[in-house]
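Colleague: Prediction below, plus the sequence it came from.
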Amino acid sequence: MHIQILKGLSEVIDDYDLFIFDLWGVMHDGITAYPDAIKCLQTLRARKSSEIILLSNAARLSSSITAHLTSLGIAEDMYDALLTSGDVTASILSDREKQQSHPRGPRYFHIGPERAQPTLDACGGQEVVLEDAELVICTGFFRKEDQVNSYTDLLKSALTLNLPMICANPDIVIHRGGKIIPCPGAIAAHYEELGGAVERFGKPYPAIYNSVFSNLTKIPRPRAVMIGDSLTTDIRGARQAGIDSLWISGGIHAKDLNMQPSGQLEPDKVHEIAEQAGECPRAILPWLRW
């Protein structure tokens with residue numbers, strides 16, 4: 001296995017026509033956009049032959065993410081499309097509703113913040129108390145201060161009712177402004193540990209990548225590349241989707257990689273961490289930059 005260490009995206013620019021970018025850890029840290037990443041998008045955008053798609057595991061719909069990106073300085077004209085796991089969750093659940101002989105949508109219990117309401121509305125169905133539910137939809141934590149163990153009793157009750165869970169964001173943690181924040185995927189993993197059944201939408205699962213190539217682009221997969229910071233979501237998802245990947249080391253794995261403030265990487269460490277995850281991205285670069 002050999003992972004090439006790049007200085008910037010320009011070194012492989014002629015090999016691809018479609019560039020799929022993760023957001024958190026690649027374009028921004030949740031609070032601030034990375035200036036080099038914005039410059040990279042702008043430079044890539046000037047190449048008329050290239051398409052740019054942003055791919056996020058956010059449980060919210062892309063319309064709300066677009067507004068957040070704009071506030072960070074990532075304007076809509078810098079990319080061709082944005083797709084979130086919330087979009088995919090809503091699309092799949094609403095399609096399932098339409099396929100029922102008497103479509104009414106599922107009765108679901110929601111674990112997550114109120115801001116996820118547009119995603120729930122797009123899914124269809126009816127929000128009910130746990131005892132009346134047919135499934136659980138998890139979009140996040142009720143409160144920012146909650147920890148995964150705060151949900152143990154609730155999840156045990158759901159398990160007693162034999163309720164499957166839909167997880168609208170598979171991420172376990174993210175780095176927000178330098179802090180580690182647990183994500184919906186952590187609740188889903190805890191439910192599985194207790195014996196519950198979970199279905200996830202988002203990276204690395206195939207539905208979100210299939211949606212890209214079915215609905216958002218006509219560029220074939222061999223001419224596409226995924227640029228992300230997470231081995232278990234971005235890089236693994238790309239491999240399973242049959243596309244190349246570039247690994248951003250300055251994101252979630254920066255500490256594991258012993259990356260220096262200058263961006264310098266140790267080749268042996270890069271290969272060690274990738275092998276531990278069972279992944280082999282085509283190349284690695286410290287940050288998204290041209």
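Modeller: On my side now, so go ahead.
Colleague: Ile5: neighbour count?
Modeller: 17 (other C-beta atoms under 10 Å). Using the backbone N, CA and C atoms, a C-beta is placed for each residue, glycine as well.
Colleague: same question, Thr66
Modeller: 17.
Colleague: who's in contact with it?
Modeller: Glu76, Leu82 (C-beta atoms under 8 Å, 6 or more residues apart in numbering).
Colleague: any low-confidence regions in this protein?
Modeller: The model of the chain has pLDDT under 70 over residues 1, 101-103.
Colleague: okay, now the domains of it?
Modeller: Following automatic domain parsing, the chain resolves into domains at 4-57+203-285, 104-200.
Colleague: list the contacts for the residue lying closest to His28 once chain neighbours are set aside?
Modeller: Spatial nearest neighbour of His28, chain neighbours left out: Leu72 (5.4 Å); criterion: C-beta to C-beta, 6 or more residues apart in numbering. When contacts are counted by C-beta under 8 Å, 6+ apart, Leu72 touches Met27, His28, Thr32, Ala33.
Colleague: Determine which two of the residues you listed are furthest apart.
Modeller: Farthest pair in the contacts of Leu72 (C-beta to C-beta) is Met27 and Thr32. Separation: 10.3 Å.
Colleague: Between those two, which has more neighbouring residues?
Modeller: Taking neighbours as other C-beta under 10 Å, Met27 and Thr32 compare with Met27 leading, 25 against 10.
Colleague: Might one say that that one is in contact with Ile74?
Modeller: Yes. Judged on C-beta atoms under 8 Å, Met27 makes contact with Ile74 at a distance of 6.1 Å.
Colleague: what is in contact with these two at once?
Modeller: Ala33, Ile38, Leu41.
Colleague: pretty sure the last one belongs to a strand, no?
Modeller: No. Note on Leu41: no strand contains this position according to DSSP: H, G, I helix; E, B strand; the rest coil, which reports helix.
Colleague: give me every residue that touches the nearest residue to it once chain neighbours are set aside.
Modeller: Spatially, and ignoring its direct neighbours in sequence, Leu41 is nearest to Met78 (4.5 Å; C-beta to C-beta, 6+ apart). Contact analysis of Met78 by C-beta under 8 Å, 6+ apart lists Ile38, Leu41, Gln42, Arg45, Ile52.
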